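Enquirer: my questions are about this predicted structure, shown below with the sequence.
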Amino acid sequence: MTQYQINIDDDLLHTLFEGNYGLKRLVEEVVNQVLQAEVTEHLQAQPYERTEDRRGYRNGYRVRPMKTRIGTLELAVPKVRNGHFSPRLFSRYQRSEQALVLALMEMVINGVSTRKVRRITEELCGIGFSKTTVSELCKRLDPVVRGWNERKLDSGPYPFLLVDAMQLKVRKGGRVVPQSALLAVGINHEGYREILGLQIGDSESEDSWSRFFEWLKGRGLKGLDLVVSDSHGGLVNAVQRHFLGVSWQRCQTHFKRNVLDACPKKLRDRLAKKLRLLFDAPDLATARSLLEDVLREFQGQAPRAIQRLEDGFDDATAVMVLPECYQRRLRSTNSVERLIREVRQREKVIGIIPNVDSAIRLLGAFLMEQDEEWSTGRRYLNLEEYWDWKEEQKKASKTTAKREAVA
């Protein structure tokens, strides 16, 4: 991930107390310094620096407006002589802002927005925008988001898959209806997280999840060893139908919450501590031993909670067969839920999304940028030990099969 050194003088810093104007000036200064850093990286040389690695020369600036939620920024985009310089900033970080502004514009045009939304939209986009303006902006943004969301997933196996969903309010056929945004995050063979895709469905039913999984497999998803999700009935059934031979890990965070919900209030704190120890166990044998202790201690005082714990224990500890270094990050859907919370911050600005296409654009643009951050950042998991462990498991399985054949 690229790191930038930003310098802010005292006068500019004091403008922060001047409301939106001060914040706008500060953001302009920061972004302009980022552009300077990008052109320096592109040319491999500072201004007036003599170096054998130089790839070209600066050739002034061009002023480019950039619409954001704090107003229109006036940016000084560097130009280069005898070459082309295209800042990553515009192609990468503005997509989600464009999607947000487009959704606001659609609300105004469709006559369903409040006066506050109209005022904000006019401040961001100018007074004069129309259906034609929205249409032209969609033509530029939609193919980019669609291309990313429908890309091939054939670069290698994805041993781990985490899935979750979020609820949206979308206007369809003149009325507001609830919709589910189904989301999948995969960990590829190199250990990097990827956002594999997004679909909008009418519900979280087994049919909706089945169509989602068929879509992922049709794009090349393969090599799964573990799927992590909550215990929604339709989702679990779809996982079992479409990923035969793949282990299912029930999200431990949701599971512990379900167990504690069935426990008398006066016992919850004590049981929560026991569950924390149980699920932090280094291996399955230790976890089972701790489970027996919990059963003996709480069976008579919290029978409903203990029944839930017994029924779901095996599904919630499926991850414990893996090497211990992978268990913590694969035992729950917390990483996907954090991603959904980030998406929710943008969705809340809109409230009721104008249509399904707008929902795909709004969510997809942000997820696309997050996916790029993950792919260029730190590895989420170092899978070298995992692949060695898996090879040992295969050898052990073959040995066992030979012994059984002889017997």
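Expert: Great, that's in hand.

Enquirer: okay, now the unreliable bits of the chain?
Expert: Scanning the chain for pLDDT under 70 picks out the ranges 1-23, 67-71, 83-84, 86-139, 349, 407.

Enquirer: could you look up the SS state of residue 212?
Expert: helix (DSSP: H, G, I helix; E, B strand; the rest coil).

Enquirer: and the gap between it and residue 368?
Expert: Residue 212 is 18 Å from residue 368, where distance means CB to CB, to the nearest Å. Glycine gets a C-beta too; all of them are placed from N, C-alpha and C.

Enquirer: the two: which is more packed in?
Expert: residue 212 (24 against 20; other CB atoms under 10 Å).

Enquirer: can I get stretch 141-161 in PDB? Just the C-alpha atoms.
Expert: Extracted C-alpha coordinates of stretch 141-161, given in PDB (Å, rounded to 0.1, in the frame of the first residue of the first chain):
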ATOM      1  CA  LEU A 141     -19.500   4.000 -14.200                       C
ATOM      2  CA  ASP A 142     -21.800   1.000 -14.600                       C
ATOM      3  CA  PRO A 143     -19.600  -1.000 -17.000                       C
ATOM      4  CA  VAL A 144     -16.600  -0.600 -14.700                       C
ATOM      5  CA  VAL A 145     -18.500  -1.900 -11.700                       C
ATOM      6  CA  ARG A 146     -20.200  -4.700 -13.700                       C
ATOM      7  CA  GLY A 147     -16.900  -5.800 -15.200                       C
ATOM      8  CA  TRP A 148     -15.400  -6.100 -11.800                       C
ATOM      9  CA  ASN A 149     -18.400  -7.900 -10.300                       C
ATOM     10  CA  GLU A 150     -18.600 -10.400 -13.100                       C
ATOM     11  CA  ARG A 151     -14.800 -11.000 -13.600                       C
ATOM     12  CA  LYS A 152     -13.500 -14.600 -13.900                       C
ATOM     13  CA  LEU A 153     -12.400 -16.300 -10.700                       C
ATOM     14  CA  ASP A 154     -10.000 -18.700 -12.400                       C
ATOM     15  CA  SER A 155      -6.600 -17.500 -11.100                       C
ATOM     16  CA  GLY A 156      -6.400 -20.300  -8.600                       C
ATOM     17  CA  PRO A 157      -8.200 -22.100  -5.800                       C
ATOM     18  CA  TYR A 158     -10.000 -20.200  -3.000                       C
ATOM     19  CA  PRO A 159      -9.600 -22.500   0.000                       C
ATOM     20  CA  PHE A 160     -11.800 -20.300   2.300                       C
ATOM     21  CA  LEU A 161     -15.000 -18.500   1.600                       C
END
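
Enquirer: could you pull out the strands in the stretch 51-200 of the chain for me?
Expert: 57-68, 71-81, 160-172, 175-187, 193-201 (DSSP state E, counting those that start in this stretch).

Enquirer: give me the distance from the last one to the chain's centre.
Expert: It refers to strand 193-201. Chain-centre distance of strand 193-201: 8 Å, with CA atoms, centre = their mean, to the nearest Å.

Enquirer: so which of the strands of the stretch 51-200 of the chain comes closest to residue 262?
Expert: strand 160-172 (22.9 Å; CB to CB).

Enquirer: turn the strands of the stretch 51-200 of the chain into a markdown table, columns for mean neighbour count and distance to residue 276.
Expert: Converted to a markdown table, those look like this (neighbours: other CB atoms under 10 Å; distance: least, CB to CB, whole Å):
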| stretch | mean neighbour count | distance to residue 276 |
| --- | --- | --- |
| strand 57-68 | 13 | 43 |
| strand 71-81 | 16 | 47 |
| strand 160-172 | 20 | 22 |
| strand 175-187 | 19 | 25 |
| strand 193-201 | 20 | 26 |
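
Enquirer: nearest to residue 324, out of those strands?
Expert: So among those, strand 160-172 is nearest, using CB to CB, at 15.5 Å.

Enquirer: quick one: that closest one to strand 193-201, angle?
Expert: Angle between the axes of strand 160-172 and strand 193-201 is 30 degrees (criterion: axes from the mean of the first three to the mean of the last three CA atoms, to 10 degrees).

Enquirer: dump the residue contacts of the spatially most central residue of the chain.
Expert: Centroid check for the chain by CA atoms, centre = their mean gives residue 339 as the closest residue, at 4.1 Å. When contacts are counted by CB atoms under 8 Å, 6 or more residues apart in numbering, residue 339 touches 183, 185, 195, 367, 370.

Enquirer: adding distance to residue 177, write those out as a markdown table.
Expert: Below are these laid out as a markdown table (distance: CB to CB, whole Å):
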| residue | distance to residue 177 |
| --- | --- |
| 183 | 19 |
| 185 | 26 |
| 195 | 25 |
| 367 | 22 |
| 370 | 27 |
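
Enquirer: which of those residues sits closest to residue 153?
Expert: residue 195 (11.1 Å).

Enquirer: now the closest one, nearest residue through space, not along the chain?
Expert: residue 371 (4.3 Å; CB to CB, 6 or more residues apart in numbering).

Enquirer: residue 281 versus the one you found, what's the distance?
Expert: 34 Å.

Enquirer: residue 306 now?
Expert: 18 Å.

Enquirer: so between those two, which is more surrounded?
Expert: Taking other CB under 10 Å, residue 306 and residue 281 do not tie; residue 306 has more neighbours (22 against 18).

Enquirer: my read: that one touches residue 298, true?
Expert: Yes. Assessed by CB atoms under 8 Å, residue 306 is found in contact with residue 298 at 5.4 Å.

Enquirer: hang on, the earlier thing: next, the angle from the helix or strand containing the residue nearest to residue 195 to strand 160-172.
Expert: Element membership of residue 371 [criterion: DSSP states H and E] is helix 356-376. Interaxial angle, helix 356-376 versus strand 160-172 (the same axes, to 10 degrees): 150 degrees.

Enquirer: any buried residues in helix 356-376, and which?
Expert: By neighbour count with 16 or more other CB atoms under 10 Å, helix 356-376 contains the buried residues 357-372, 374.
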